[in-house]
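Chemist: need a 3D model of the sequence below.
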Amino acid sequence: MRRLLPILLFAVTLPVLAEKPANLEPLPAVPPPPPGIVDPDLEPQVTITKRGEDKVEEFRANGRLYMIKVTPPHGLPYYLIDDEGNGSLVRRDTIGPNLKMPSWVIKTWD
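Modeler: The predicted structure follows:
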């Protein structure tokens, strides 16, 4: 009997929870951006080439190379990213926030 009661309660409440509210309205369409706001120079230019068997994607903004994605035929892709804007590329295996551990001195004892 104790096992039957939760099953019956679940069977009764499940259809009630599955019902959709009757007063739903569709969302309005997203309006286009105002004229003059979209600047094609701000969009990144992507150049895709093959170097040997590797697929290389070069990402440029305002003519400046800021990232290269290299996809080998076997294995995971890796990225070469210009973090500081000085033209030197640093290899990263994933794209994401560059998290660094904060290293503040809170208290020192002499």
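
Chemist: for this structure, what spans make up the strands?
Modeler: For the chain, applying DSSP state E gives strands covering 45-51, 54-61, 64-71, 78-81, 90-92.

Chemist: possible to save the ones you listed as JSON lines with mean pLDDT and mean neighbour count?
Modeler: C-beta here means a position set from N, CA and C on the backbone, and glycine is covered the same way. What follows is the strands of the chain, written out as JSON lines (pLDDT from 0 to 100; neighbours: other Cβ atoms under 10 Å):
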{"stretch": "strand 45-51", "mean pLDDT": "92", "mean neighbour count": "10"}
{"stretch": "strand 54-61", "mean pLDDT": "92", "mean neighbour count": "15"}
{"stretch": "strand 64-71", "mean pLDDT": "90", "mean neighbour count": "16"}
{"stretch": "strand 78-81", "mean pLDDT": "89", "mean neighbour count": "16"}
{"stretch": "strand 90-92", "mean pLDDT": "83", "mean neighbour count": "12"}
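
Chemist: would you reformat the ones you listed as TSV and include distance to Leu27?
Modeler: TSV is the format used below for the strands of the chain (distance: least, Cβ to Cβ, whole Å):
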stretch	distance to Leu27
strand 45-51	31
strand 54-61	32
strand 64-71	34
strand 78-81	36
strand 90-92	37
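
Chemist: of all those, which lies closest to Pro26?
Modeler: strand 45-51 (34.5 Å; Cβ to Cβ).
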